[in-house]
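Engineer: sequence and predicted structure, then a few things I'm wondering about:
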Number of protein chains: 2
Amino acid sequence: MTLEKSHKHVTCETCLSRNKSLFSSFGCQDVGTLDSQKTCNYFKKNQPLFIEGSIPRGVFCINEGKVKIFTRGNEGKEQIIHIAGAGEIVGFRAMFSGEPYSVSSTTLEEANICFIGKSDFLNLVDTNQNLRNGIMRELSKELADRATFITNMAQKSVRERLVSALLILDDIYEDEMINISREDLANFVGTATETLIRLLKDFKEEGLIQTHTRKIELLDREALHRIAGS
Amino acid sequence: MTLEKSHKHVTCETCLSRNKSLFSSFGCQDVGTLDSQKTCNYFKKNQPLFIEGSIPRGVFCINEGKVKIFTRGNEGKEQIIHIAGAGEIVGFRAMFSGEPYSVSSTTLEEANICFIGKSDFLNLVDTNQNLRNGIMRELSKELADRATFITNMAQKSVRERLVSALLILDDIYEDEMINISREDLANFVGTATETLIRLLKDFKEEGLIQTHTRKIELLDREALHRIAGS
DNA sequence: TTGAAAAAATGATTTAGGTCATACTTGAAG
DNA sequence: CTTCAAGTATGACCTAAATCATTTTTTCAA
């Protein structure tokens, strides 16, 4: 669980996370370029990568750990839009919009994250058609995801949304158990923390999940999928 | 209001809508190519451009009229994600995702809409860097818009969301009055039609808006902006 | 012009889920 | 170990907004 010092310096050539990323199609040469341009940083839990309104300077490539992407509503309340894990590249939308960040990003746990400067990244995009197509595909898919997100917020009950969220997180946390604060989970589902806790209790009583202090274990994925309905 | 027959054949060279579109940066030559590749079609009110789940064959460029972009929730209820007007190019996200349409699109009024086939469009994107950058910028901005949309759905009251929606529509309808069915408006705001109608009544009584049968006229934009809060 | 269907409007009732108040756990720092 | 703050949990209460039922208005085709 605890990241060792050795994790602080990854080389792209051997980075397992890279295989799952937009850089997976890179040839030897591009990987070399990438490796020489990136810097690698250790992040503590709850440390910001970037903040809404600030000027984008590059992209972040997650080697290990999870980060949340969120906006703040008028009263400053967080709405989590996405939770990113190893292999995801975070913050590349802002490279193209020509505007300040429209969202913020913060680590959910300690993490090891590489950084690639804006001009280096845009250079790669300009010269590498594979990467470019991958990015456009990614942007488009994410747009579709967010349309579904909006529809879920508008039409599903909190109970259904929580189930959807748990199933999404189950994918993101892969073999580990879901490990996220109740408050963050509530801000992802779009509900009050109290309501969320009550629903988790219901789910426990219904034998759908089990909790180990803050960690959540899904017991009956079949039933959960049925409840989520989509 | 009624589209004349002459509208059925537009040439890109003289198309006023093109100036507001992603094609605005095109030089003479590209405009010529575009013009020879596009076909121009008249659409009746409530006629679909494309439907969720079907295979994308090209993009639609709105010359005149408004269209809605929407998804359907589990019970088949529409959630309108976006309303597009003259100059907007609709359906280009699906050109890059390699997947079927994730949303549907239908005209809200009679419309004149040009069509550009997938391969022609992708060719333009590959060869024209301006267009490509414009598209990436557009995709990124839309992603930001949807993050805000999600946050609004999660945190704002129906009243606030309706005000936001009216202000958005006010921009889209430019000099005309907002002209959309109560049901569509409700599906955009993400509420029940009855609730929407009651709120419009409140707004009328508060002197914020005025209705002319189905058309909505904004009287006090200042106050409306204050209510929307963002 | 008229008649039927669609859309808009209003009323009555219910409830999901938010808010506020309070208590209990847990884990990190001394 | 203790301590204390942050996080988690539970209870009581309230209201925004959904739902269902009905009426009125508008639209548009015959």
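Structural biologist: Received it, and whenever you're ready, just let me know what you need.
Engineer: just give the nearest non-adjacent residue to A:D202, would you?
Structural biologist: Nearest residue to A:D202, sequence neighbours excluded (Cβ to Cβ, 6 or more residues apart in numbering or on different chains): A:R159, at 7.8 Å. (Glycine included, C-beta is placed from N, CA and C.)
Engineer: buried residues in the helix or strand harbouring the one you found?
Structural biologist: Element membership for A:R159 (DSSP states H and E) is helix A:158-172. For helix A:158-172, the neighbour count (16 or more other Cβ atoms under 10 Å in any protein chain shown) marks A:158-166, A:168-170, A:172 as buried.
Engineer: just those now: which is nearest DNA strand C?
Structural biologist: Relative to DNA strand C, the closest of those is A:V158; by Cβ to the nearest atom of the strand it sits at 3.9 Å.
Engineer: who's in contact with A:K45?
Structural biologist: A:107-110 (Cβ atoms under 8 Å, 6 or more residues apart in numbering or on different chains).
Engineer: wait, isn't A:A94 in contact with A:Y101?
Structural biologist: Yes - counting by Cβ atoms under 8 Å, A:A94 does reach A:Y101; the two are 5.2 Å apart.
Engineer: common neighbours of those two, please.
Structural biologist: Common neighbours of A:A94 and A:Y101, counting by Cβ under 8 Å, 6+ apart, are A:P56.
Engineer: is the helix holding A:R159 anywhere near DNA strand D?
Structural biologist: No - Helix A:158-172 is not in contact with DNA strand D by Cβ under 7 Å from any atom of the strand; minimum separation 12.2 Å.
Engineer: tell me the residues on chain A that lie near DNA strand C, please.
Structural biologist: Where chain A comes near DNA strand C, counting by Cβ under 7 Å from any atom of the strand, the residues are A:157-159, A:190-192, A:194-195, A:213-214.
Engineer: between A:A94 and A:Y101, who's got more neighbours?
Structural biologist: Neighbours were counted for A:A94 and for A:Y101 using other Cβ atoms under 10 Å in any protein chain shown; A:A94 has more, 24 against 21.
Engineer: related to what we said a few turns ago, which among the residues of chain A next to DNA strand C end up buried?
Structural biologist: Here, 16+ other Cβ under 10 Å leaves A:158-159, A:190-191 buried among those.
Engineer: what distance do you get for the spatially most central residue of chain A to A:C15?
Structural biologist: Chain A has A:A84 as the residue nearest its centroid, 1.3 Å off, counting by Cα atoms, centre = their mean. From A:A84 across to A:C15, the span is 16 Å (Cβ to Cβ, to the nearest Å).
Engineer: then A:G73?
Structural biologist: From A:G73 to A:C15 the distance is 36 Å (Cβ to Cβ).
Engineer: so how far is A:I150 from A:G76?
Structural biologist: 22 Å.
Engineer: what does A:G91 give?
Structural biologist: For A:G91 relative to A:I150 (Cβ to Cβ), the value is 22 Å.
Engineer: touching chain B at all, stretch A:90-97?
Structural biologist: Yes - Stretch A:90-97 lies within reach of chain B by Cβ under 8 Å from any Cβ of the partner chain, at A:93-97.
Engineer: skipping its backbone neighbours, what lies nearest A:V158 in space?
Structural biologist: Nearest residue to A:V158 in three dimensions, chain neighbours excluded: A:T191, at 4.7 Å (Cβ to Cβ, 6+ apart).
Engineer: hmm, who's touching stretch A:126-140?
Structural biologist: When contacts are defined by Cβ under 8 Å, 6+ apart, stretch A:126-140 is touched by residues A:22-23, A:25-26, A:30, A:92-93, A:124-125, B:93-98, B:132, B:135-136, B:139-140, B:143.
Engineer: meant to ask about stretch A:171-181
Structural biologist: The contact list for stretch A:171-181 (Cβ under 8 Å, 6+ apart) reads A:66, A:83-85, A:108-109, A:166, A:169-170, A:188, A:212, A:214-218.
Engineer: most remote residue from chain A's center?
Structural biologist: The centre of chain A is farthest from one residue, A:E205, which by Cα atoms, centre = their mean lies 29.6 Å away.
Engineer: low-confidence ranges in chain A?
Structural biologist: A:1-8, A:230 (pLDDT under 70).
Engineer: would you map the strands across it?
Structural biologist: A:39-43, A:48-50, A:58-64, A:67-72, A:78-84, A:89-90, A:104-107, A:111-117, A:178-179, A:209-212, A:215-218 (DSSP state E).
Engineer: report the longest helix in chain A, please.
Structural biologist: Longest helix in chain A by number of residues (criterion: DSSP state H): helix A:129-155.
Engineer: quick one: buried residues of that one?
Structural biologist: So for helix A:129-155, counting by 16+ other Cβ under 10 Å, buried means A:131-155.
Engineer: next up, the contacts around A:L167.
Structural biologist: Counted by Cβ under 8 Å, 6+ apart, A:L167 has contacts A:218, A:221, A:224-225, A:228.
Engineer: among those residues, which are in helices?
Structural biologist: Members of these lying in helices (criterion: DSSP H): A:221, A:224-225, A:228.
Engineer: related to what we said a few turns ago, who wins for proximity to B:Q47 among the strands of chain A?
Structural biologist: Of all the strands of chain A, it is strand A:78-84 that lies closest to B:Q47, at 33.5 Å by Cβ to Cβ.
Engineer: in contact with A:R214, which residues?
Structural biologist: A:R214 makes contacts with A:179-182, as judged by Cβ under 8 Å, 6+ apart.
Engineer: using CSV, list the CA coordinates for stretch A:41-58.
Structural biologist: This file holds the C-alpha atoms of stretch A:41-58, laid out as CSV (Å, rounded to 0.1, in the frame of the first residue of the first chain):
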residue,chain,number,x,y,z
ASN,A,41,6.7,13.1,-8.7
TYR,A,42,5.5,11.6,-5.5
PHE,A,43,2.1,13.0,-4.2
LYS,A,44,0.8,12.7,-0.7
LYS,A,45,-2.9,11.9,-0.1
ASN,A,46,-5.2,14.9,-0.7
GLN,A,47,-2.5,16.8,-2.6
PRO,A,48,-3.8,18.9,-5.6
LEU,A,49,-2.5,18.3,-9.1
PHE,A,50,-4.2,21.4,-10.4
ILE,A,51,-7.0,23.8,-9.4
GLU,A,52,-10.0,25.2,-11.3
GLY,A,53,-9.2,28.6,-12.8
SER,A,54,-5.4,28.2,-12.9
ILE,A,55,-3.3,28.1,-16.1
PRO,A,56,-2.6,24.6,-17.5
ARG,A,57,1.1,23.9,-17.8
GLY,A,58,1.1,20.3,-18.9
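Engineer: is that stretch in proximity to DNA strand D?
Structural biologist: No - if you take Cβ under 7 Å from any atom of the strand as the test, stretch A:41-58 misses DNA strand D, and the best it gets is 7.7 Å.
Engineer: go ahead and confirm A:S24 touches A:R18.
Structural biologist: Yes - using Cβ under 8 Å, A:S24 is in contact with A:R18, at 6.4 Å.
Engineer: with that, I have no additional questions.
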